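Engineer: Sequence first, then the predicted structure, then my questions.
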Amino acid sequence: SETVVGSETATVGVWIDAGSRYETAQNNGAAHFLEHMAFKGTTKRNQQQLEVEIENMGGHLNAYTSREQTVYFAKVFKNDVGRAVEILSDILLNSKLEESAINRERDVILREMSEVNKQQEELTLDHLHATAFMGTGLGRTILGPEENIKSLTKDDLSNYIKTHYTAPRMVIAGAGAINHHQLCDLASQHFGSLPTAPPSGLEIAMEPAVFTGSDIRVRFDSHDMAHVALAFEGASWTSEYAFPLMLMQTMLGSYDRGSGVGKNVATRLGQEIATHDCAHSISTFNTCYKDTGLFGVYAVAKDNTLDDLMFYTMNNLVRLVHTPSDEEVERAKVNLKAAMLMGLDGHSNVAEDIGRQLLTYGRRMTPAEIFSRIDAVTTADIRATAAKFINDQDHALAAVGGIHELPDYNWIRRHSYWVRY
C-alpha cells in the first residue's frame, strides 16, 4: 500500500493473477463472465442491498478483466476502507452465481460484445492477438466467442473460481488514506480463509505463448478508411529488453492530424507521416505479458495512402537498428519519465501500479529505481534491442477496412531490414 498523508479518500482493490489467458477453448470468457456476476448478489447481500450499501457510502465499486489479470476495486472515504475490503471479499468469495442471473447476463455480455466490435481499434488489436498468438491462450479474446457466452454454466464459473482464485495468485493493494497495518489485518480477517491451492492440489500451468509471423486482413471495399496494427514479438515484463523497448516506443511516438502540432511533432516518424499526409493518426504500442510481448504501431489511414504509410513506418522502425541519435534517446528518456510520473496521479492509478507490479515483478519498483533503469539505457542498447526484435524478424499484422492498397506480407517482411554495402 501507499499512504498519502492528509488524504480523505482511498482506493483499495484485489489484483488476481487470472485472466482470459488462463482459460481453455471450452471456458474462454469465464473470467469476464465472473466479473459481471460478482455484482449480482452474494450469500450475505442481494444485488439491491449491495448497490445501496455502496451508494450510501458514497463509494465506487468496479472491476475489469484483461488477458492476464482480473481486478476488483473500490474507491471510498477513509473511514469506509474496512467495509470496502469486506465487500470485496464477499463478492469474490461468496458470489451466488444464480442460474437466473447467469442467463440474464448472457444478453448483457452479447450486447457488450457488439459494442466492442464497433470500436475498430479494439477489434483490430483483438485480431492482432488472434493471429500473432494463434492456437495459444493469449490469442483468445477476453469476452470469449459467442457460443461460449451462450453456453457457459454455473459449474464452469465455480470451477474457474476454485482453480484460479487462490491466495498465492491474489494481491490486495491500497492507496490514499490507508494504514498499512490496518490493511494487513483486514486482509487476513476477510481473505484468510482463501485456499492456497486448487482443490485438486494441482496448479494450472500457464499455456506458453508462441508468436507466429502471420497476418489477418478483413477487407471492406465499401470503407474508405483502414485500421492497421503491425507488431513484432516484444519482451516480457521482466526481460532485460523491457526498458529499451519502452524507450523505443517513446522515440517512435505518435501523431494525430487533429492535434494541431502538424509537421512540428518531435518524432521522426510523426514528421514523415505529417509531411506526406499518410495517416489520420498513428501510435506506437508496447504491450508486455509474462513471457512475451507485442511491439508495434497502430494506424488509421485513408485507403489510398497505405503504400506510403507502410514504407515510412517500416523505414522508421528499421532506422532504430542503424542510426538512432543520442539526442532522440535523451528526449525519449525525459518523456518516458514524465509519462510514468503523470500516470501515478490519483490514488486509483497508484493502487493499480502497486497491484500490477506485485503480480508481474513480485515487488514494487520505486520511481527512483525505474528512473535509474531508464537512465542506464544507452544508444547502443537501443540499436542492439532493435536489431534483436525488428531487424529481419517476422511480424504479425491485422488490418480492417479499405485495405486494397495495403502491401502484402512478403513486401513488409522484406522491408524489415536494410541491405547496406
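Structural biologist: That came through, no problem.

Engineer: switch to C-alpha atoms for all contacts and neighbour counts from now on
Structural biologist: OK.

Engineer: For the spatially most central residue of the chain, what are phi and psi?
Structural biologist: Nearest to the geometric centre of the chain sits Ser66, at 6.1 Å (C-alpha atoms, centre = their mean). Dihedral angles of Ser66 (phi, psi; degrees, to the nearest 10) stand at phi -120, psi -170.

Engineer: wait, doesn't it sit right on Gly144?
Structural biologist: No. Between Ser66 and Gly144 there is no contact, the gap being 11.9 Å when judged by C-alpha atoms under 8 Å.

Engineer: wait, what's in contact with the residue nearest to the centre of the chain?
Structural biologist: 19-20, 142 (C-alpha atoms under 8 Å, 6 or more residues apart in numbering).

Engineer: Most neighbours of all the residues you listed, which one?
Structural biologist: Ser20 (26 neighbours; other C-alpha atoms under 10 Å).

Engineer: Once you drop chain neighbours, what's closest to that one?
Structural biologist: Leaving aside its sequence neighbours, Ser20 sits nearest to Arg67 (C-alpha to C-alpha, 6 or more residues apart in numbering; 4.7 Å).

Engineer: one step back: could you check the pLDDT of the residue nearest to the centre of the chain?
Structural biologist: On the pLDDT scale, Ser66 is placed at 95.

Engineer: Isn't Leu336 up against Leu247?
Structural biologist: Yes. Applying C-alpha under 8 Å as the test, Leu336 and Leu247 come out as touching, 6.9 Å apart.

Engineer: Which of the two has more residues huddled nearby?
Structural biologist: Leu247 (25 against 20).

Engineer: for the helix or strand where that one lies, packing partners?
Structural biologist: Using DSSP states H and E, Leu247 sits in helix 242-252. Packed against helix 242-252 by the contact rule (3 or more C-alpha pairs under 8 Å, 6 or more residues apart in numbering; DSSP states H and E) you find helix 268-275, strand 281-288, helix 306-322, helix 326-342, helix 367-375, helix 379-389.

Engineer: Now do the fourth one and helix 268-275, the angle between them.
Structural biologist: Which is helix 326-342. Going by axes from the mean of the first three to the mean of the last three C-alpha atoms, to 10 degrees, helix 326-342 is angled at 100 degrees with respect to helix 268-275.

Engineer: can you tell me the average pLDDT over helix 326-342?
Structural biologist: On average, helix 326-342 scores 96.

Engineer: Could you check how far that helix is from the centre of its chain?
Structural biologist: 21 Å (C-alpha atoms, centre = their mean, to the nearest Å).

Engineer: who does the following helix or strand past it touch, helix- and strand-wise?
Structural biologist: As assigned by DSSP H and E, the chain's next helix or strand after helix 326-342 is helix 347-360. Applying 3+ C-alpha pairs under 8 Å, 6+ apart, one finds that helix 347-360 contacts strand 9-16, strand 170-176.

Engineer: For the very next helix or strand once past the first one, list the C-alpha coordinates in PDB.
Structural biologist: Using DSSP H and E, the helix or strand that follows strand 9-16 towards the C-terminus is helix 30-37. Provided in PDB are the C-alpha atoms of helix 30-37 (Å, rounded to 0.1, in the frame of the first residue of the first chain):
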ATOM      1  CA  ALA A  30     -15.300 -17.300 -17.900                       C
ATOM      2  CA  ALA A  31     -13.100 -14.700 -16.300                       C
ATOM      3  CA  HIS A  32     -15.100 -11.800 -17.900                       C
ATOM      4  CA  PHE A  33     -18.400 -13.500 -17.200                       C
ATOM      5  CA  LEU A  34     -17.400 -13.800 -13.500                       C
ATOM      6  CA  GLU A  35     -16.600 -10.100 -13.400                       C
ATOM      7  CA  HIS A  36     -20.300  -9.400 -14.400                       C
ATOM      8  CA  MET A  37     -21.600 -12.000 -11.900                       C
END
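
Engineer: For helix 30-37, report the contacting residues that lie outside it.
Structural biologist: Residues contacting helix 30-37 (C-alpha under 8 Å, 6+ apart): 18-20, 23, 63-65, 70, 95, 97, 101-102, 105, 109, 142-144, 149, 152, 156-157, 160.
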